[in-house]
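In: heads up, no residue letters with this:
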């Protein structure tokens, strides 16, 4: 019996038409994914089912002239996931990155997402995912702002004025209606100026460029961190005021006293446990910790200065009402997010369904009838 298999191809424009830039829609999607993570209705790679992905890292030297060698942010990563609930779908984000790409007129990273039938493995969709990945990355702190930030927050500080923080700020502001000022900080003044120009035009909130890190964070009610992994920021404990909500999407260093005095909420505790497991298996915990966002926290846990991850809180538990989020206007809350392929699959699925409803995208044929059965 013949079995035709088709899948839907979505270009970047198609994903825009399907709603990838709708911040509210993306936040609702991410919030739903968080609840599935806390329930355990998902799978990712590795023996622990929580591996961030399998990376292809190039060597420093090679005897083969065509083999790429290591360069800044140069790698490929496969990030597979199954997401349950109403999604009930398998998928994979394929991630290629090279810091030299902008010199060729390309984004630093070039991303695609594939969705597959969970039973047969047939492809359902193949889509451009640069905007998708940025949107789901921004939606995650948007969910945190919804559940953890003070509703009277007026000042948001942006640490790292790149594309990811554009998506983060776009999402955060949908949840904080009283914000009156945006403070833009970046190690490159021109990047901060461009960010402020974009923010005023698209989001319509007044703001300033601040090149002194201390001044940038002292008045902040909410801080979104998405700075370069190559040059992590150091923010002193004494600069961070009562009631601040710190949304960490990129690496940041601070005093041990801050980590031990803030209420920590994780995107998914199981993911962070997997990072620690991988650090142990690497044979060099210290070096591994330096490469991940939660590294400073894991170090303090290992030293017995902070509660074990198993005793910590995932934001999904806050959303479900199983654990407390913000309990006072004065407490400082830090949300730590490391990114998971489940969010790419979840948002990709909703874009796929919307595209089908709107007639967006191009149907491609894998086969009219498979040659091999």
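Out: Perfect, thanks for sending it. Values in this document were obtained by computation on a predicted structure and should not be read as measured data.
In: ranges for the strands of the stretch 1-150 of the chain?
Out: Here the stretch 1-150 of the chain has its strands, by DSSP state E, counting those that start in this stretch, at 5-10, 42-44, 54-57, 75-83, 89-97, 109-116, 123-128.
In: Direction included, what does the first one pair against?
Out: This points to strand 5-10. strand 123-128 (parallel), strand 362-367 (antiparallel) (DSSP bridges).
In: Run the chain-centre distance for stretch 285-304.
Out: Relative to its chain's centre, stretch 285-304 lies at 19 Å (Cα atoms, centre = their mean, to the nearest Å).
In: try stretch 348-363
Out: How far stretch 348-363 lies from its chain's middle: 23 Å, per Cα atoms, centre = their mean.
In: Would you mark the buried spots in it?
Out: Counting neighbours by 16 or more other Cβ atoms under 10 Å, one finds that the buried residues in stretch 348-363 are 348, 349, 350, 351, 352, 354, 355, 360, 361. Quick note: C-beta positions are derived from backbone N, CA and C, even for glycine.
In: same question, stretch 252-261
Out: Neighbour counts over stretch 252-261 (16+ other Cβ under 10 Å) mark 252, 254, 255, 258, 259 as buried.
In: sorry, back to before: pipe the strands of the stretch 1-150 of the chain into JSON lines and attach mean neighbour count per row.
Out: Output for the strands of the stretch 1-150 of the chain, formatted as JSON lines (neighbours: other Cβ atoms under 10 Å):
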{"stretch": "strand 5-10", "mean neighbour count": "18"}
{"stretch": "strand 42-44", "mean neighbour count": "21"}
{"stretch": "strand 54-57", "mean neighbour count": "12"}
{"stretch": "strand 75-83", "mean neighbour count": "20"}
{"stretch": "strand 89-97", "mean neighbour count": "20"}
{"stretch": "strand 109-116", "mean neighbour count": "21"}
{"stretch": "strand 123-128", "mean neighbour count": "22"}
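In: returning to what we had before: quick check: the two most widely separated of the buried residues of stretch 252-261?
Out: Spanning the widest gap among the buried residues of stretch 252-261 are 252 and 255, at 11.5 Å by Cβ to Cβ.
In: Show the contacting residues for residue 289.
Out: 279, 295, 296, 298, 299 (Cβ atoms under 8 Å, 6 or more residues apart in numbering).
In: and which of those residues is nearest residue 121?
Out: residue 279 (32.5 Å).
In: Might one say that the closest one is in contact with residue 299?
Out: No. Residue 279 is beyond contact range of residue 299, at 9.9 Å (criterion: Cβ atoms under 8 Å).
In: So if I had to pick from these two, which one is more boxed in?
Out: The residue with more neighbours, out of residue 279 and residue 299, is residue 279; 21 against 18, by other Cβ atoms under 10 Å.
In: Leaving out chain neighbours, which residue sits closest to the more buried one?
Out: Leaving aside its sequence neighbours, residue 279 sits nearest to residue 288 (Cβ to Cβ, 6 or more residues apart in numbering; 3.9 Å).
In: Just the ones of the contacts of residue 289 in helices?
Out: Assigned to helices by DSSP state H, the following of the contacts of residue 289 qualify: 279, 295, 296, 298, 299.
In: I'd like to know how many residues surround residue 369.
Out: By the other Cβ under 10 Å criterion, the neighbourhood of residue 369 contains 10 residues.
In: how close does the residue nearest to it when sequence neighbours are not counted get to residue 370?
Out: Closest residue in space to residue 369, ignoring its immediate chain neighbours: residue 2 at 4.1 Å, by Cβ to Cβ, 6+ apart. Separation of residue 2 from residue 370 (Cβ to Cβ, to the nearest Å) stands at 9 Å.
In: contacting residues around the residue nearest to residue 285 when sequence neighbours are not counted?
Out: By the measure of Cβ to Cβ, 6+ apart, the closest residue to residue 285 outside its immediate chain neighbours is residue 279, 4.6 Å from it. By Cβ under 8 Å, 6+ apart, the residues touching residue 279 are 285, 288, 289, 292, 298.
In: what does residue 148 give?
Out: If you count contacts by Cβ under 8 Å, 6+ apart, then residue 148 has 245, 265, 315, 318, 325, 326, 333, 335 around it.
In: Just the buried subset of those, written out for PyMOL, thanks.
Out: Selecting only the buried entries of the contacts of residue 148 in PyMOL, with 16+ other Cβ under 10 Å as the criterion:
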select buried, resi 245+265+315+318+325+326+333+335
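In: from the contacts of residue 148, which is closest to residue 22?
Out: Compare each of the contacts of residue 148 with residue 22 using Cβ to Cβ and the shortest gap goes to residue 315, at 21.3 Å.
In: Next, give phi and psi for residue 187.
Out: phi -70, psi -20 (degrees, to the nearest 10).
In: Which residue, neighbours along the chain excluded, lies closest to it?
Out: Here the residue nearest residue 187, using Cβ to Cβ, 6+ apart, is residue 231, at 6.2 Å.
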